[in-house]
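J.: Any chance you could fold what I've pasted below:
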Amino acid sequence: MNRESNEKTIHLSELVSVLWQKKWWVLIPTIVSAIISVYLALGMTNIYRSSVTLAPTESLIEGHGSSGFGGGLGGLAQLAGVGGANSKVDRIDLAIEIMKSKAFVFEFIQSELELAELIAVKHWHKNDNIIEIDSTYFDVETGDWKESPFNDSRKEPEKLNVYKYFIENVLDINQDKSTGIITVSMEHESPYYAKSMLDKFIVMINNKIKDNDIRDAQESLSFLEARLEVTNVATLQTSLYSLMHKEMQTIMLANSKAEYIFKTIDPAFVDENKVAPRRAFIVILAVFFTFVAASTIQLLRFFWKK
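T.: Down below sits the predicted model:
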């Protein structure tokens, strides 16, 4: 037992001795790595995040029109082709999927944002609150793209790459399945732009689903009115009138609410505390791995010669 311990002690001492003899071969790469990582970390653009907490409204939980009916009316609505998702989970998940869909993201970027301010930012000037566009990619004076930030074959960025960038680097959606509470966050080089972008996004998703429900309700009304004209059965007419009344309620409710599907619990605000990059972590990680790699190389060289 003591012999094994002595051998182990001698072995560890030998390792320490080797590293001490080759200390400059370890320290110099580590110092160089530290300098380079500090330089690169300081050159990284700060990223800021703005978040909003939302609760699903009754419009989202119950669904629109006849989809909220149960029993006989619900069955009749399904047969008539005017029923829809009537579960809380289905409606919330649908709203989230719409927010992440290509069609909605494309529409949002095209109608509410300047593409260059989204994907070609060089720096945010805090004192003046001005976003500086990277002239490598975009000519501010002419409004023309000089080169795509995504190395596309064309100068103008491809829509699919813009979508991927938005989903992977800008938008973040988290849902508490037990409560239905949703947190939507957006990140950008400017905290003011992140907040403004997020506000527009929430307004647009509310309006988008509101317009969809109004359109569906109007189509359902037209369908039910057509059925009513060819129906002579009194009980069926009563059921159709009830369904029509529900669709009209949906239209009136939608037109009366600005926050149609998501009610804001905690609004977005400008947060000037950056979320990235984690410069200290980057430097520490680079120094650690360089030190380990340099030490390992020196030890391997020693044992190889031995």
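J.: Going by C-alpha atoms from here, please, whenever you check contacts or count neighbours.
T.: Will do.
J.: who touches stretch 179-187?
T.: Residues outside stretch 179-187 that contact it (CA atoms under 8 Å, 6 or more residues apart in numbering): 47-56, 89, 92, 169-176, 194-195, 197-198.
J.: now do 6 Å
T.: Here stretch 179-187 makes contact (CA atoms under 6 Å, 6 or more residues apart in numbering) with 48-55, 170-175, 194.
J.: Out of these, give me the one that has the most neighbours.
T.: Within those, most neighbours by other CA atoms under 10 Å means residue 49, with 28 neighbours.
J.: where does that residue land on pLDDT?
T.: Looking at residue 49, its pLDDT is 98.
J.: about what we covered before: right, and the pair among the contacts of stretch 179-187 with maximum separation?
T.: 48 and 55 (23.8 Å; CA to CA).
J.: Next, the buried residues of stretch 287-294.
T.: Using 16 or more other CA atoms under 10 Å as the test for burial, stretch 287-294 gives 287, 290, 291, 294.
J.: Oh, that last question was meant for stretch 125-143, not what I typed.
T.: Under the neighbour-count criterion of 16+ other CA under 10 Å, stretch 125-143 has 131, 132, 133, 134, 137, 138 buried.
J.: now for those, which pair is the farthest apart?
T.: Pairwise distances across the buried residues of stretch 125-143 (CA to CA) peak at 14.4 Å, for the pair 131 and 137.
J.: tell me the domain ranges of the chain?
T.: According to automatic domain parsing, the chain comprises the domains 23-44+277-306, 48-271.
J.: Distance to residue 15 added to those domains, as a markdown table?
T.: Compiled in a markdown table, the domains of the chain are given as follows (distance: least, CA to CA, whole Å):
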| stretch | distance to residue 15 |
| --- | --- |
| domain 23-44+277-306 | 7 |
| domain 48-271 | 45 |
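J.: Pick the one among the buried residues of stretch 125-143 closest to residue 217.
T.: Nearest to residue 217 out of those is residue 131 (CA to CA; 43.2 Å).
J.: how long is stretch 120-133 end to end?
T.: Stretch 120-133 has its terminal residues 6 Å apart, counting by CA to CA, to the nearest Å.
J.: can you check stretch 267-287 too?
T.: End-to-end distance for stretch 267-287: 40 Å, by CA to CA.
J.: Quick check: buried residues in it?
T.: For stretch 267-287, burial by neighbour count (16+ other CA under 10 Å) applies to 268, 269, 270, 271, 274, 279, 282, 283, 286, 287.
J.: so can I have CSV of the buried residues of stretch 125-143 showing pLDDT and distance to residue 216?
T.: Shown next, in CSV, are these (pLDDT from 0 to 100; distance: CA to CA, whole Å):
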residue, pLDDT, distance to residue 216
131, 98, 41
132, 97, 44
133, 98, 42
134, 97, 44
137, 97, 43
138, 97, 42
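J.: just curious, which of the residues you listed is nearest to residue 160?
T.: Closest to residue 160, out of all of the buried residues of stretch 125-143 and judged by CA to CA, is residue 137, at 17.6 Å.
J.: which ones are touching the closest one?
T.: 145, 146, 147, 148.
J.: Strands of this structure, residue ranges please.
T.: Ranges of strands in the chain, per DSSP state E, are 48-56, 121-125, 130-133, 138-139, 144-145, 171-175, 182-188, 262-266.
J.: Quick one, which of the ones you listed gets closest to residue 38.
T.: strand 121-125 (18.5 Å).
J.: Name the strands paired with that closest one and say parallel or antiparallel.
T.: Using DSSP bridges, strand 121-125 pairs in its sheet with strand 130-133 (antiparallel).
J.: Show residues contacting the strand it pairs with.
T.: Under the criterion CA under 6 Å, 6+ apart, residues 120, 121, 122, 123, 124 lie in contact with strand 130-133.
J.: can you list the weak-confidence ranges in the stretch 51-200 of the chain?
T.: Applying pLDDT under 70 to the stretch 51-200 of the chain flags the ranges 59-89.
J.: Now with 80, please.
T.: Counting by pLDDT under 80, the stretch 51-200 of the chain shows low-confidence ranges at 58-90.
J.: Helices along that one, start to end?
T.: Taking DSSP state H, counting those that start in this stretch to define them, one finds helices in the stretch 51-200 of the chain at 58-62, 71-80, 88-100, 102-112, 115-119, 159-165, 191-229.
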